[in-house]
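*Asks:* sequence first, predicted coordinates after that:
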Amino acid sequence: MNFPTSLLTGCCMGATSTISAAFVTQTLSILLAKKFYQNGLNPPIFKSSNIEGGDEWNRKLITKFYGV
């Protein structure tokens, strides 16, 4: 694609902020889950549907937190 250079002047955007935010969010989630486990608690996190028991675990969380 050929964009007029006037559209690109001063343009500051891209995936860097998205990747950084995703990294920070995932790191915090992992650290919080670790704290739960260290205190003998199961964190209320969704599990992958690709693992055994994942769907059942997720349904229980949805019922518990959303009453569905």
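*Replies:* That came through fine.

*Asks:* got any ranges where the chain has weak pLDDT?
*Replies:* Per-residue confidence of the chain (counting by pLDDT under 70) places the weak regions at 1-15.

*Asks:* residues near Gly40, how many?
*Replies:* By the measure other Cβ atoms under 10 Å, the count of residues near Gly40 is 6. Using the backbone N, CA and C atoms, a C-beta is placed for each residue, glycine as well.

*Asks:* what's the answer for Thr25, then?
*Replies:* Residue crowding around Thr25 was assessed by other Cβ under 10 Å; the count is 10.

*Asks:* so how far is the helix or strand where it lies from its chain's centroid?
*Replies:* Assigned by DSSP states H and E, Thr25 belongs to helix 15-38. Relative to its parent chain, helix 15-38 has a centroid offset of 7 Å by Cα atoms, centre = their mean, to the nearest Å.

*Asks:* what residues does that helix touch?
*Replies:* The contact list for helix 15-38 (Cβ atoms under 8 Å, 6 or more residues apart in numbering) reads 42-43, 45.

*Asks:* the same query, at a cut-off of 6 Å, please.
*Replies:* Counting by Cβ atoms under 6 Å, 6 or more residues apart in numbering, the neighbours of helix 15-38 from elsewhere in the structure are 43, 45.

*Asks:* what's the answer for stretch 48-55, then?
*Replies:* Counting contacts by Cβ under 6 Å, 6+ apart, the residues outside stretch 48-55 that touch it are Lys47.

*Asks:* on that earlier part again, can I get the next helix or strand after the helix holding Thr25 in CSV, CA atoms only?
*Replies:* Moving toward the C-terminus from helix 15-38, the first helix or strand encountered (DSSP H and E) is helix 54-66. Extracted in CSV, the C-alpha atoms of helix 54-66 (Å, rounded to 0.1, in the frame of the first residue of the first chain):
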residue,chain,number,x,y,z
GLY,A,54,-11.1,-28.0,31.5
ASP,A,55,-14.7,-27.6,30.4
GLU,A,56,-16.2,-28.9,33.6
TRP,A,57,-13.9,-26.6,35.7
ASN,A,58,-14.9,-23.6,33.5
ARG,A,59,-18.6,-24.4,33.8
LYS,A,60,-18.3,-24.5,37.6
LEU,A,61,-16.7,-21.0,37.6
ILE,A,62,-19.3,-19.6,35.3
THR,A,63,-22.1,-21.0,37.6
LYS,A,64,-20.3,-19.7,40.7
PHE,A,65,-19.6,-16.2,39.5
TYR,A,66,-22.4,-15.6,37.0
